[in-house]
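Visitor: pasting the sequence and the predicted model now:
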Amino acid sequence: MINVALNGCLGKMGMVLIDSISRDPDLNLVAGVDTKTDNSLGFPVYTSALDIKEKVDVIIDFSRPESLDDLLSYAKSNKTALVIATTGYSDDQINKIVSHSKEIPIFHSSNMSVGVNLVLDLVKTTTKALYGFDIEIVEKHHNKKVDAPSGTALMIAKEIKETLDNQVDFNYGRFGKDAKRNKSEIGIHAVRGGTIVGEHSTIFAGPDEIVEINHIALSKEIFAEGAKKAAKFIVSKENGYYNMKDIIKL
Ligand SMILES: NC(=O)C1=CN([C@@H]2O[C@H](COP(=O)(O)OP(=O)(O)OC[C@H]3O[C@@H](n4cnc5c(N)ncnc54)[C@H](OP(=O)(O)O)[C@@H]3O)[C@@H](O)[C@H]2O)C=CC1
Ligand SMILES: O=C(O)C1=N[C@H](C(=O)O)C[C@H](O)C1
């Protein structure tokens, strides 16, 4: 049995994971962390990871970037594996995650679904095949989402940038009277509304033809399933920085 702590346990994804973990015979939820305490869940909820007293094998994190320092500090002191799903980190914070992975095993992905990881591969192939086409990314999420653009949109944009030897810039939410598209830019656009779970479209527009690669999440369960899979994978791994490509071999 793997002992799990859940960072952000009172949030939307936290609640989905509590339910999902309770039905999983391999995982045992022993502690939670959030901005408030709660004693009705059957496990203790702390306001900082640094307060966790239980023996934890892996922490699953769906919270906010502000909790990163406590999370990394706890994991480093206790040699605990991490699954980081939170989005909205600064470049400095991402560098910090990567550098901590020299001392602990860290699984980090802005999208835990199987489908988006296939999309990353398709986008890479399409970028090469349709070289010269204009590329734009449109993401849609629920009206409670804090960060924009989504972590997934940024992950897709970075995959394209790498494929094009970094010869592109990102243009976030194009706007203005002099906003004509620049050949070397990728436009990234965020739509927010209602209860949209998460949709990502990568549009390749060329002369007289368009190829669009779409992913639509129909429930938050897919992210919980992916996070649980990641927890079971990372718990026995050597120190290092892992992502979905290490689990889903394409
Ligand atoms: N990688 C993936 O597959 C997915 C990633 N996500 C990402 O996961 C994160 C959470 O999403 P979601 O559950 O929808 O968001 P919610 O806002 O519903 O949940 C986040 C929870 O974390 C709490 N929190 C805030 N600050 C801290 C802190 N310092 N320490 C611990 N907990 C804290 C929040 O409390 P309070 O409300 O009081 O601020 C809230 O309860 C987001 O970054 C989202 O983009 C979401 C889905 C899939
Ligand atoms: O906040 C969300 O809900 C989601 N966030 C992730 C992101 O920012 O890409 C993943 C998913 O799309 C849902």
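Guide: The structure has been received and is ready for your questions. Ligands and ions are numbered 1, 2, ... in the order given.
Visitor: CA atoms only for the lengthiest helix in the chain, dumped as PDB, please.
Guide: Looking across the chain with DSSP state H, the single longest helix is helix 114-129. C-alpha atoms of helix 114-129 as PDB (Å, rounded to 0.1, in the frame of the first residue of the first chain):
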ATOM      1  CA  VAL A 114      -3.400  10.200 -21.800                       C
ATOM      2  CA  GLY A 115      -4.900  12.100 -24.700                       C
ATOM      3  CA  VAL A 116      -3.000  15.400 -24.300                       C
ATOM      4  CA  ASN A 117       0.300  13.500 -24.300                       C
ATOM      5  CA  LEU A 118      -0.600  11.900 -27.600                       C
ATOM      6  CA  VAL A 119      -1.500  15.500 -28.800                       C
ATOM      7  CA  LEU A 120       2.000  16.700 -27.900                       C
ATOM      8  CA  ASP A 121       3.400  14.000 -30.200                       C
ATOM      9  CA  LEU A 122       0.900  14.800 -33.000                       C
ATOM     10  CA  VAL A 123       1.700  18.500 -32.700                       C
ATOM     11  CA  LYS A 124       5.400  17.900 -33.100                       C
ATOM     12  CA  THR A 125       4.900  15.800 -36.200                       C
ATOM     13  CA  THR A 126       2.500  18.300 -37.700                       C
ATOM     14  CA  THR A 127       4.800  21.200 -37.000                       C
ATOM     15  CA  LYS A 128       7.500  19.500 -39.000                       C
ATOM     16  CA  ALA A 129       5.200  18.300 -41.800                       C
END
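Visitor: does it come close to ligand 2?
Guide: No - Helix 114-129 stays clear of ligand 2 (C-beta under 6 Å from any ligand atom), getting no nearer than 7.7 Å. All C-beta spots, glycine's among them, are computed from the backbone N, C-alpha and C.
Visitor: what helices or strands is that helix leaning on?
Guide: helix 151-163, strand 198-206, strand 209-217, helix 221-234 (3 or more C-beta pairs under 8 Å, 6 or more residues apart in numbering; DSSP states H and E).
Visitor: just put these in a markdown table and tack on distance to residue 23 and mean neighbour count.
Guide: Formatted as a markdown table, the helices and strands packed on helix 114-129 follow (distance: least, C-beta to C-beta, whole Å; neighbours: other C-beta atoms under 10 Å):
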| stretch | distance to residue 23 | mean neighbour count |
| --- | --- | --- |
| helix 151-163 | 26 | 20 |
| strand 198-206 | 23 | 19 |
| strand 209-217 | 20 | 14 |
| helix 221-234 | 10 | 21 |
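Visitor: between these, which gets nearest to ligand 1?
Guide: With respect to ligand 1, and counting by C-beta to the nearest ligand atom, the nearest of the helices and strands packed on helix 114-129 is helix 221-234 at 3.7 Å.
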